[in-house]
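# Need the 3D shape of this:
(one chain, ligands or ions: 1)
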Amino acid sequence: MVAVAGYHTIGVDSLTPHLGAQIDGVDLSQPLSNETFSEIYKAWLDWKVLVFRDQHIDREQHKAFGRRFGRLHVHPMQHSYGGDPEILRVKTTKDSAYTAGNGWHTDVTCDEIPPLGSMLYITETPESGGGDTLFANMALAYELLSDTMKSLLEELTAVHDGALPYLGSYGVAPPDGAKYPKNEHPVIARHPESGEKILYVNSGFTAYIKGMHPWESRMLLDGLFRFIAQTPRLVCRVQWQPNTLTFWDNRCTQHHAVWDYYPHSRYGERVSIVGEQRPAA
Ligand code: SIN
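Here you go, the predicted structure:
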């Protein structure tokens, strides 16, 4: 880790040169001063993934931290979980048929306005070790494309479909014959705050590209998904310890929860914050 200069109320140590930072000197169980909040906000925009170690927070404190960034999100699969609608439980045991997020994805891009960020608080890590989460920088992914590919993608719109993971992989039908959300987003979006261009397709939710034959769309998406999965320089890896909270900018990252710890267990809770605007080019 490398110490990042320019912060006065928090410590910021970068995890890689372009993505991820560990934040020190913050107790998330206590109200944050405006100055500390502003520095966390700046670090979040700059580093996209923030890791807070050794935090001891209850659900209300977790949600209060989330609310500093906006309104809390209710997950479209919440009906199948029960409990507090603003808390998404991430629980894997030896009896789990799947583990949430075990594949590259951006959270809930099937929504018209996907969450702007998510905060996952892990309290139980597998006794075998493992259970890390990989994050990928999608602004860097855009930068690494050729100019020819950038020009092609800039014109395109993709359909993101909640049925793909929830019905397809997890096998959870929506309640009472309702449908999972399905929405269109530009393939290249612009981050609403930093202005960076973002490669905005993910293998979790992106079903097809509009205006192309199915085989063309499949070929292009599979190529982009392979590029994301096979380019280690896009990635930072968060190794969880119990009571670690990680907060990612969902507008410009993807993540992948690694299920390498069967038959052991892992438990955490996620709060997501509703975005303010549709992804736009
Ligand atoms: C998620 O996709 O939010 C889950 C990530 C994780 O469990 O590490």
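
# remind me which residues of this protein are low pLDDT?
In the predicted model of the chain, residues 77-82, 168, 175-177 satisfy pLDDT under 70.

# for it, what's the longest helix?
The longest helix of the chain (DSSP state H) is helix 214-229.

# Against the ligand, how distant is Arg71?
According to Cβ to the nearest ligand atom, to the nearest Å, Arg71 and the ligand sit 18 Å apart. (C-beta placed from N, C-alpha, C; glycine too.)

# thought that residue was touching Val274?
Yes. Judged on Cβ atoms under 8 Å, Arg71 makes contact with Val274 at a distance of 4.6 Å.

# Those two: who's more crowded?
When Arg71 and Val274 are compared for neighbours, Val274 comes out ahead with 18 against 12, by other Cβ atoms under 10 Å.

# In this structure the more buried one contacts Glu112, no?
No. Shown here, Val274 and Glu112 do not form a contact pair, counting by Cβ under 8 Å, at 10.6 Å.

# Would you mind measuring the gap between the ends of stretch 199-213?
The first residue of stretch 199-213 is 21 Å away from its last residue (Cα to Cα, to the nearest Å).

# how near is the residue of the stretch 101-250 of the chain found nearest the ligand to Ser203?
Residue of the stretch 101-250 of the chain nearest the ligand, by Cβ to the nearest ligand atom: Gly101 (2.5 Å). As judged by Cβ to Cβ, to the nearest Å, Gly101 and Ser203 stand 12 Å apart.

# for Val2, what are its contacts?
Shown in contact with Val2 (Cβ atoms under 8 Å, 6 or more residues apart in numbering): Asp13, Ser14.

# actually Thr99, not the one I typed
The contact partners of Thr99, taken as Cβ under 8 Å, 6+ apart, are Val90, Thr92, Ala257, Trp259, Arg266.

# Quick check: phi and psi on the residue of the chain most remote from its centre?
Relative to the centre of the chain, the most outlying C-alpha is that of His213, 29.6 Å out, by Cα atoms, centre = their mean. Backbone torsions of His213, given as degrees, to the nearest 10, read phi -60, psi 150.

# where's it relative to Val187, distance?
For His213, the distance to Val187 under the criterion Cβ to Cβ works out to 16 Å.

# same check, this time on Glu60
39 Å.

# out of those two, which sits in the busier spot?
When neighbours are counted by other Cβ under 10 Å, Val187 comes out ahead of the other of Glu60 and Val187, with 22 against 10.
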